[in-house]
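Q: No sequence on hand, only this structure:
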């Protein structure tokens, strides 16, 4: 079923504790809508402890939908104060190197991640603005 609203509702009703990664990956691969991928990311993955490992795995994926989730996971990690300086610098470097040529499916999430880091961490604000410009 490709009814947008139904998929958004379903992403809010999933029992997050019972969903395994292979199932989630399959679910993501069944959609082409960035908004649904975002809902899945922020609703289902928020409280997982393995976000950085999933980010590292999916940010290099050939699937643009998984890359979008990877960048959403980086946003979640930033919100949860789970990024150390080394990781923040690594993420910013990946964005700086790849943002211009990024597929539109995940370019939005890369931009948002850059903004979120710049807003939350004053030390990186100027660098993030320069990359964004």
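A: Sure, I can see it. Only a predicted model underlies this, so the values are computations on that prediction, with no experimental measurement involved. Numbers count the residues shown, from 1 in each chain.
Q: where's residue 25 relative to residue 32, distance?
A: According to CB to CB, to the nearest Å, residue 25 and residue 32 sit 15 Å apart. In short, each C-beta sits where N, CA and C put it, glycine included.
Q: More neighbours: those two, which one.
A: residue 25 (17 against 11; other CB atoms under 10 Å).
Q: how close does residue 29 sit to residue 87?
A: 27 Å.
Q: neighbour count winner among these two?
A: residue 87 (16 against 11).
Q: my guess is that one contacts residue 52, does it?
A: Yes: under the criterion of CB atoms under 8 Å, residue 87 makes contact with residue 52 at 7.1 Å.
Q: which residues do these two both contact?
A: Between them, residue 87 and residue 52 share these contacting residues under CB atoms under 8 Å, 6 or more residues apart in numbering: residue 77.
Q: which residue ranges form the strands in the protein?
A: Using DSSP state E, the chain contains no strands.
Q: low-confidence ranges in it?
A: Applying pLDDT under 70 to the chain picks out residues 1-13, 16.
Q: Can you pull the phi/psi pair for residue 19?
A: phi -90, psi 130 (degrees, to the nearest 10).
Q: Nearest spatial neighbour of it, chain-adjacent residues omitted?
A: Setting aside the residues directly before and after it, residue 19 is nearest to residue 44 in space (CB to CB, 6 or more residues apart in numbering), at 6.2 Å.
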